[in-house]
Every structure is written in C-alpha cells, then in structure tokens.
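In: starting from these lines, generate the structure:
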Amino acid sequence: MEILGKLKNLDAYPKVNEDFYNRSLSGGLITIFSAVAILFLFLSEIRLYVYSSKETKLTVDTSRGERLRINFDVTFPHIACSLLAVDTMDVSGEQHYDIRHDIIKKRIADNGNVIDSRKEGVGGPKIERPLQKHGGRLEHNENYCGSCYGAEASDDQCCNSCEEVREAYKIKGWGLTDPDTIDQCKREGYAQRIKDERGEGCNIHGFVDVNKVAGNFHFAPGKGLPQFSFLQDIFNFQTETYNISHKINKISFGKEFPGVINPLDGVEWINKGESGIYQYFIKVVPTIYTDITGRKISSNQFSVTEHFRESIGYPKPSPGVYFFYEFSPIKVDLTEQNTSLLHFLTNLCAIIGGIFTVAGILDSFWYHGRKAIKKKMEIGKFG
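Out: Numbering: from 1, shown residues only. Sure thing, here's the model as predicted:
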C-alpha cells in the first residue's frame, strides 16, 4: 500500500472535482474550433500516410555511351505525307536522313479525318510480274531482285521498291528525273500518289533512337524534291512556300513514369506569314524514378524555349520544324516512399497535444482577461 501511495504522488494528471469546474461560452467555442482543427489535420495526416510521397535528390550524371529513344506524335495539317521526312544529327557526327523505320504516317484530310495509315517504307500494291534485274519479268517460284538502274553499289544489290531506287540514287548523288521510267516507281504509283496527296495534311508518329549527346531531330518537307525534278512541275511552287503549321500531340525523351510532365504535349503553332524554320531548344534532364516497390525507370524530363526564323537571305534555308536538344550534367533521382507508422503516430500525437495546449492557453487568456476587466469595472478603476 505504501508503494501504491508513492505511485499516486507521481500522478502528473491530478483530477479536479466536478463541483469546482467553471464552464464558459468562450470555452465551448474554443473546444469546437479545436475539434474541427484536429479532425482536419487528422484527415490530412491520414492522406499523407496512405499515399506515397516523392523525395528528390540531385546528383552528377556520370553515365556514358548510352542511347536515347525520342518518342513523337506530330500533326502537319498542310504538308502531305509523301513530302514529309524525319532527319536526325548530333555533335558526334552521326546523321540519318529521311528515316523510315519505326515511323507511321497518317494522311489527314482538310476536315481533320484520317484518310489512310501506313508504315514508312511500305509502298502501294505491286503488279503480278515485276521487272527483274536481268531484264525479264518475274516468273513463278522465282525470287524477285529488282534493278537499281545503274546505281548498284555491288553486283548482287537489289532494289525491290521505288524507295530503294531513290536511296541508291541518293548515295550516288544522282537525280531521278522521271520515275515513270523506273519499273518499281511505276508499279507503286509514286507520282500518282504525290498528286493524290496534294492539299492533304499528315500525322507522323513513332520514335528515333539517337546517341545521348547534344543534337537535333527535325521534320522537313520537300526532301524528295531535289531527286525528283518533275515534282516542281506537279506542285508549281518552291519549297519556301510550305506551311509548317503543326500541332505536337506528344514529345517525350525515354520511358514514361508517374507524374512526368512533358511541356510540349498539346502545343500548337499556326504559320500565318512567310514560311521559315520553327525551332524548339530543349534542355533534357536525366531522371531516375524509383517506385514504392524499388523498381527503377531511367528516363528524362525537359524544359523548352522556342523561336521562329523566317527563310530570308540567299540561298534560303529549307523550312521545317527543328528540335535542338542538349543534356544537363545534373541527374534527378525521384524516389517514391511511404510515411512510416511510427512517424504517422508521432505526428498524430503532436497534432492532438499541440492543439489542446494552444486551445488551453487561448481559453485561459480569454477567461482571466475577462475576469480582470470585470473586477476593475466593479471597483470603478477600468479606463
């Protein structure tokens, strides 16, 4: 019993008889406001505990020799698909012109509807018996090997499509003046396709794989015109009159990850005056995203500025939409994490205890202040 009595003396929360309580209106109001504040902060803390948060850390990017996938989806309402080309080049000297693999083009009508969709490099239907390299027509069960019409790099090279003939001529530096004399182009109806697509637009989407160094990729119309001089007569205008109005549906560097914001998505620009070069200058920031399970995603974020330059001077630069990118030396590490249970309980205790303490101070200040003023008024000393 003596030990229990000593424990009773250690009670930090002595109880007061209810007969000595003095309840007030101000105390009731403060209690209601305190309860509302505790409930609001409690729900806020629950949300922070249930949903994960992201921790950001900056480090120096020491990666070397990596490749980068650039994903794009861009619509040109006034440039035909047959005239639109994708090129890439970088500071290391690597250049790729008129890229066709991993790219899909959709023909767009004046009203915005999709007319046709085809993967690049896939031409029109071919006749049953194409012309062979040796001069005869393709026979049954015979492998097809089309002629490159003098542009073969080796004796065993075959050009089985109009595009392959164009590529062979381009390597030689030759111009193809009349595609109707080329069996592959005649069978695929290349010239007719150019005429049919006049006045149409084009949606081009896909990706290009580039070195992780500074460079650019661009969409340039009229890449085929220097090789096909007859196209100038078909269209009866020069390359500087191209309308490079465009809408960027999607541009991203690398894989998508939760919460990423691509500032160019949905951006649209209308070419109201002279044609020229529309330039986007992009600063790419390498990013490592780690989700709550520990899975890492290597990707990139970016910021961008833009500028339009008219085609002035001589010779006039070819119009197009250019994306110049360079990489930041700083890498961002985004880590998704949850609040621990102990941290959650500690915050709850701090919220409840803190609000009750502050409320008690306010109530005491209000109560004793009113009491002191009332006493002075009774003895006539107030004011």
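
In: the strands in the stretch 1-150 of the chain, which residues?
Out: For the stretch 1-150 of the chain, the strands defined by DSSP state E, counting those that start in this stretch occupy 53-60, 67-76, 84-90, 95-96, 103-108, 114-119.

In: partner strands of the first one, parallel or antiparallel?
Out: This points to strand 53-60. strand 330-337 (antiparallel) (DSSP bridges).

In: report the distance from the strand it pairs with to the chain centre.
Out: 18 Å (C-alpha atoms, centre = their mean, to the nearest Å).

In: buried residues in that strand?
Out: Neighbour counts over strand 330-337 (16 or more other C-beta atoms under 10 Å) mark 331-332, 334-336 as buried. Where C-beta positions appear, they are placed from N, C-alpha and C, glycine not excepted.

In: run through who's touching it.
Out: For strand 330-337, contacts defined as C-beta atoms under 8 Å, 6 or more residues apart in numbering pick out 52-61, 63, 257-259, 285-292, 301.

In: ok, now with 6 Å
Out: With C-beta atoms under 6 Å, 6 or more residues apart in numbering as the test, strand 330-337 has contacts from 52, 54-59, 61, 285-292.

In: could you do stretch 266-275 as well?
Out: Counting by C-beta under 6 Å, 6+ apart, 240-245, 247-248, 310-311, 319 sit against stretch 266-275.

In: against K371, how distant is the residue lying farthest from the centre of the chain?
Out: The outermost residue of the chain, judged against the average C-alpha position, is I379 (76.3 Å), by C-alpha atoms, centre = their mean. Separation of I379 from K371 (C-beta to C-beta, to the nearest Å) stands at 13 Å.

In: try E197
Out: 90 Å.

In: so those two - more neighbours on which side?
Out: For the pair E197 and K371, the greater number of neighbours falls to E197 (18 against 10), based on other C-beta atoms under 10 Å.

In: hmm, back to that, mind putting the buried residues of strand 330-337 into a markdown table with distance to G112 and pLDDT?
Out: Output for the buried residues of strand 330-337, formatted as a markdown table (distance: C-beta to C-beta, whole Å; pLDDT from 0 to 100):
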| residue | distance to G112 | pLDDT |
| --- | --- | --- |
| K331 | 41 | 94 |
| V332 | 38 | 94 |
| L334 | 37 | 91 |
| T335 | 43 | 89 |
| E336 | 39 | 85 |
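
In: can you add distance to A350 and give the residues you listed back as CSV?
Out: What follows is the buried residues of strand 330-337, written out as CSV (distance: C-beta to C-beta, whole Å):
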residue, distance to A350
K331, 35
V332, 31
L334, 28
T335, 25
E336, 25
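
In: so how do I select the buried members of the contacts of strand 330-337 in PyMOL?
Out: Entered in PyMOL, the line below selects the buried ones among the contacts of strand 330-337, by 16+ other C-beta under 10 Å:
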select buried, resi 61+285+286+287+288+289+290+291
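
In: next, give me the two most distant ones among the contacts of strand 330-337.
Out: S52 and D61 (25.1 Å; C-beta to C-beta).

In: related to what we said a few turns ago, G173: which of the contacts of strand 330-337 is nearest?
Out: P286 (39.5 Å).

In: dump the residue contacts of that closest one.
Out: 61, 300, 331 are the contacts of P286 under C-beta under 6 Å, 6+ apart.

In: and the closest residue to it other than its chain neighbours, how far from P317?
Out: Of all residues not flanking P286 in the chain, K331 sits nearest, at 4.4 Å (C-beta to C-beta, 6 or more residues apart in numbering). K331 sits 35 Å away from P317, going by C-beta to C-beta.

In: got it, and V284?
Out: 25 Å.

In: for those two, indicate the residue with more neighbours.
Out: V284 (20 against 14).

In: any stretches of the stretch 151-300 of the chain with poor pLDDT?
Out: 175-178, 190-194, 222-240 (pLDDT under 70).

In: one more time with 90
Out: The model of the stretch 151-300 of the chain has pLDDT under 90 over residues 151-201, 220-244, 258-261, 271-277, 291-295.

In: so where do the strands sit in it?
Out: 201-211, 215-221, 246-253, 267-269, 276-290, 296-310.

In: which other helices and strands does the longest helix seen in the chain contact?
Out: Ranked by residue count, the top helix of the chain under DSSP state H comes out as helix 341-378. Packing partners of helix 341-378 (3 or more C-beta pairs under 6 Å, 6 or more residues apart in numbering; DSSP states H and E): helix 25-50.

In: re earlier: least reliable of the strands of the stretch 1-150 of the chain by average pLDDT, please.
Out: The minimum mean pLDDT among these belongs to strand 114-119 (a mean of 68).

In: any idea which of the buried residues of strand 330-337 is closest to Q184?
Out: K331 (48.3 Å).
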